[in-house]
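Chemist: no letters, just coordinates:
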Ligand SMILES: [Zn+2]
Ligand SMILES: [Zn+2]
């Protein structure tokens with residue numbers, strides 16, 4: 001008897017990850033609408049959404065949840081329970097949109113009881129409620145700041161921009177010699193300013209118009225956005241379901257213009273009815289010429 005891999009393993013297999021490589025970090029994960037969406041950036045100790053929880057996510061200590069649809073949230077607590085099983089001494093932190101925070105607590109409790117844990121032994125994992133517009137630092141990466149913002153979807157949903165926080169020498173001290181800088185620093189003079197450098201923006205699930213209303217995202221060198229619908233006759237469907245249609249994305253890119261800082265646009269969350277070939281053909285047909293090289297299809 002021979003053991004082989006069935007051919008269907010290669011199509012929309014949520015545990016088969018893809019990677020987009022950047023200079024300083026890599027984005028790994030999977031994203032097909034309705035099936036599963038999860039992203040991991042190991043270098044930033046960060047996951048965004050947890051529609052599946054592959055082993056590669058277990059060492060990462062921060063999870064940002066965009067919204068509570070099952071294909072994005074289903075394995076949130078699997079992440080926690082597998083880490084506990086492996087006796088990871090660090091408590092991962094789960095950042096939950098405030099709109100669903102209480103529901104998340106109820107769900108986690110119910111899920112734990114369902115697995116046979118008694119009320120006395122139940123321990124809530126480390127959850128943080130996230131308010132749109134309120135920046136926060138990642139618990140174990142104080143050099144990273146997160147800016148959460150509202151996006152329009154069929155239920156409350158957030159997008160996130162990740163920033164590096166850096167200290168930059170104030171203009172007036174730039175021409176000073178090193179010894180002088182050291183002397184000033186020792187005497188307690190504040191010689192630096194805090195600066196934020198955008199790293200990546202995640203849109204989660206949203207209508208195309210959020211890509212314009214939240215156009216600060218285009219200041220990030222990398223934008224990860226959904227692009228669920230691609231066919232010409234699906235524009236109304238995209239609106240009805242709260243998703244982005246590629247025609248809308250193409251219009252917004254033209255409006256923002258080629259001078260934007262964003263050099264890499266990662267398209268995710270395609271409807272599962274399309275084949276890989278259909279997706280590639282339609283995306284590169286519709287995206288305006290000057291953006292074609294920046295667009296990466298997350299497949
Ligand atoms: Zn989704
Ligand atoms: Zn959704």
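Modeler: Nice, I can see it. Just so it is clear, the structure is predicted and the values come from calculations on it, not from any experiment. Ligands and ions are numbered 1, 2, ... in the order given.
Chemist: tell me the pLDDT of residue 77.
Modeler: pLDDT recorded at residue 77 is 93.
Chemist: quick one: buried residues of the helix or strand containing it?
Modeler: In the assignment (DSSP states H and E), residue 77 maps to helix 76-85. Buried residues in helix 76-85, counted by 16 or more other Cβ atoms under 10 Å: 76, 77, 79, 80, 81, 83. Where C-beta positions appear, they are placed from N, C-alpha and C, glycine not excepted.
Chemist: which one is the third one nearest to, not counting chain neighbours?
Modeler: This means residue 79. Leaving aside its sequence neighbours, residue 79 sits nearest to residue 53 (Cβ to Cβ, 6 or more residues apart in numbering; 4.7 Å).
Chemist: how about the stretch 101-250 of the chain: which residue is closest to ligand 2?
Modeler: residue 205 (3.5 Å; Cβ to the ion).
Chemist: verify the stated contact: that residue with residue 269.
Modeler: Yes - at 6.7 Å, residue 205 counts as touching residue 269 under the criterion of Cβ atoms under 8 Å.
Chemist: near ligand 2, which residues of this protein are found?
Modeler: Residues of the chain lying close to ligand 2 by Cβ under 5 Å from the ion are 69, 205.
Chemist: go through the strand ranked longest in the chain and flag the buried ones.
Modeler: Identified as the longest strand of the chain according to DSSP state E is strand 157-169. Burial within strand 157-169, assessed by neighbour count using 16+ other Cβ under 10 Å, is assigned to 157, 158, 159, 160, 161, 162, 163.
Chemist: and the strands in the stretch 101-250 of the chain, which stretches?
Modeler: Along the stretch 101-250 of the chain, the stretches classed as strands by DSSP state E, counting those that start in this stretch are 126-130, 136-138, 141-151, 157-169, 192-202, 222-226.
Chemist: let me see the contact set for the residue of the stretch 151-299 of the chain at minimum distance from ligand 1.
Modeler: Across the stretch 151-299 of the chain, the shortest distance to ligand 1 (Cβ to the ion) belongs to residue 205, at 4.4 Å. Taking Cβ atoms under 8 Å, 6 or more residues apart in numbering, we find residue 205 in contact with 66-67, 69, 72, 151, 153-154, 157, 226, 228, 242-243, 269.
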